[in-house]
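Chemist: sequence first, predicted coordinates after that:
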Amino acid sequence: MDEELRSLLDRLRDEAAAGPPDPAADHPTAPDPAAYDPAAPDLAVYDLLVATDDHEALARVLVEPGRPLWAREIAAFRLGCAGDRRAFEALVLLLNHRDPERCVSAAHALARLNDPRTPRAAAALATNTLRTAYAVHPVRLLTTLRAPEAVPALVATLQRLLAPGDPHWHVALACVEGLGHLGDPRARPVLTAALPHPRLGRAAEEALGRLPGE
């Protein structure tokens, strides 16, 4: 079993075992992934979502009202890793979730989904000034994808985060590291500007060393 899938299933089994209430659900779900039964225990639903190979059933979990978040996450992750693009919208929402573990799993699935919309969506999340605190995983996904959108988005985000007193140094660090991995000379000016930053300077120096001509 894929290590990221194992980690996700262990985490979400705990959520399912905790049962309702869930802020994303109006009532418990059914033991059949495609149908409801208010009396069904959540662990029975969990087991079926993990075991089923029915992509249609998994896709319905994404759109039916009342499904708990853990069920939607299992369905989106499994569909995404299988290359089923019906998972795209759900995975993008999870990529920008306040829970970092959900973001990690969503990024893993999006990297395998091979949907041409993914780089643009990740770039939009990475550069959204209202969601900067949750931008680490969109930034890392852009680095993984190596898409044309990656360097402009990481440069723009890092430039903004170099402002004095900005608290999101962890996002800035992800940008610095990502630009180093991407190795694009367009990153040189912003990486040079990051050198004096007490939390970014060493990473910026290493990233500059990976650029062509250095």
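Modeler: The structure has been received and is ready for your questions.

Chemist: tell me how many other residues crowd Asp53.
Modeler: Burial measure for Asp53: 8 neighbouring residues, criterion other Cβ atoms under 10 Å. (Glycine included, C-beta is placed from N, CA and C.)

Chemist: for Cys81, same thing?
Modeler: 20.

Chemist: list the contacts for it?
Modeler: 2, 5, 108-109, 112-113 (Cβ atoms under 8 Å, 6 or more residues apart in numbering).

Chemist: what segments of the protein are helices?
Modeler: 3-18, 42-51, 55-63, 69-81, 88-95, 100-113, 118-126, 136-145, 150-161, 169-182, 188-194, 201-209 (DSSP state H).

Chemist: who does the third one touch, helix- and strand-wise?
Modeler: When you say that, I think you mean helix 55-63. Packing partners of helix 55-63 (3 or more Cβ pairs under 8 Å, 6 or more residues apart in numbering; DSSP states H and E): helix 69-81.

Chemist: I'd say Leu5 and Phe77 touch.
Modeler: Yes - if you go by Cβ atoms under 8 Å, Leu5 and Phe77 touch, sitting 7.1 Å apart.

Chemist: that older thread, quick one: buried ones out of the contacts of Cys81?
Modeler: 5, 108-109, 113 (16 or more other Cβ atoms under 10 Å).

Chemist: show me which of those residues is closest to Ala187.
Modeler: His108 (25.0 Å; Cβ to Cβ).

Chemist: can you pull the contacts of that closest one?
Modeler: Residues 4, 77, 81 are the ones in contact with His108 under the rule Cβ under 8 Å, 6+ apart.

Chemist: just the residues you listed now: which is nearest Leu208?
Modeler: Nearest to Leu208 among the contacts of His108 is Glu4, at 31.3 Å by Cβ to Cβ.

Chemist: what's the neighbour count on the closest one?
Modeler: For Glu4, using other Cβ under 10 Å, the count is 16.

Chemist: the one 10 residues further on now?
Modeler: When neighbours are defined as other Cβ under 10 Å, Asp14 has 10 of them.

Chemist: tell me how far Ser7 lies from Glu89.
Modeler: Per Cβ to Cβ, to the nearest Å, Ser7 is found 23 Å from Glu89.

Chemist: need the worst-confidence member of the buried ones among the contacts of Cys81.
Modeler: Lowest pLDDT among these: Leu5, with 92.

Chemist: hang on, the earlier thing: can you redo the contacts of His108 as CSV with pLDDT and distance to Asp53?
Modeler: Listed next are the contacts of His108 as CSV, based on pLDDT from 0 to 100; distance: Cβ to Cβ, whole Å:
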residue, pLDDT, distance to Asp53
Glu4, 91, 19
Phe77, 98, 14
Cys81, 97, 13
